[in-house]
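**Student:** quick one: sequence and predicted model below, then my questions.
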Amino acid sequence: MSKNPVQLKRDIKRKKKFLKHLAMSSHVTQSARAANIPISTLYLWRERDAEFLEDWLIALSAGYELLEMELLHRARNGVEKPVFRNGEKVATVKEYDNGLAFRLLMAHKDLVAKTRAARAENTDRTTQLRQTLDQKINQMRERLQNREDFNGNIKHGSNSA
């Protein structure tokens with residue numbers, strides 16, 4: 001039995017709300033609650049609707065990217081922690097999680113290596129391109145310097161014969 005247009009429109013709105021929340025949280029259950037969709041319905045939609053499945057994966061990926069950026073920010077800039085004395089907050093200190101920073105570096109080690117290799121390859125290509133262009137420009141310059149005038153006389157450089 002097919003749904004009526006009102007139900008379809010409502011489902012589309014709920015799907016969008018779910019996907020938006022998922023992209024921000026990377027948490028399926030929280031996102032389902034935020035969109036007021038039972039988990040079983042979500043998984044049924046995901047199983048039956050290839051476009052929804054693709055959108056789900058994109059949103060989940062975006063959520064993980066956001067989480068990774070937050071972790072990277074914490075690793076680089078530290079996190080303010082309160083310092084208490086006799087039950088009262090007297091100061092804050094910035095703590096850095098070196099373990100987190102190391103895990104992030106290890107996760108991106110391959111990407112960094114590939115980026116460096118691509119950069120080196122681009123530098124080689126640029127050098128080759130410049131050499132080729134220099135050769136062509138020199139050939140053009142030679143042809144211009146040795147061109148014939150209208151009377152068949154060969155001109156050398158800027159002096160005419």
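**Tutor:** That came through, no problem.
**Student:** so where does the residue most central in space within the chain fall, helix or strand?
**Tutor:** The residue lying closest to the centre of the chain (Cα atoms, centre = their mean) is residue 65, at 8.6 Å. If you go by DSSP states H and E, residue 65 is part of helix 50-77.
**Student:** buried ones in that helix?
**Tutor:** If you call a residue buried by 16 or more other Cβ atoms under 10 Å, then helix 50-77 has these buried ones: 52, 55, 56, 59, 60, 62, 63, 71, 74, 75. (Each C-beta comes from the backbone N, C-alpha and C, glycine too.)
**Student:** distance of the fourth one relative to residue 12?
**Tutor:** As defined by Cβ to Cβ, to the nearest Å, residue 59 lies at a distance of 15 Å from residue 12.
**Student:** which helix runs longest in this structure?
**Tutor:** helix 109-145 (DSSP state H).
**Student:** list the buried ones in that one?
**Tutor:** Buried residues in helix 109-145, counting neighbours by 16+ other Cβ under 10 Å, are absent.
**Student:** how far off centre is it?
**Tutor:** Remark: helix 109-145 is offset 26 Å from the chain centroid, using Cα atoms, centre = their mean, to the nearest Å.
**Student:** ditto for stretch 47-66
**Tutor:** Mean C-alpha position of stretch 47-66 versus that of the full chain (Cα atoms, centre = their mean) differs by 16 Å.
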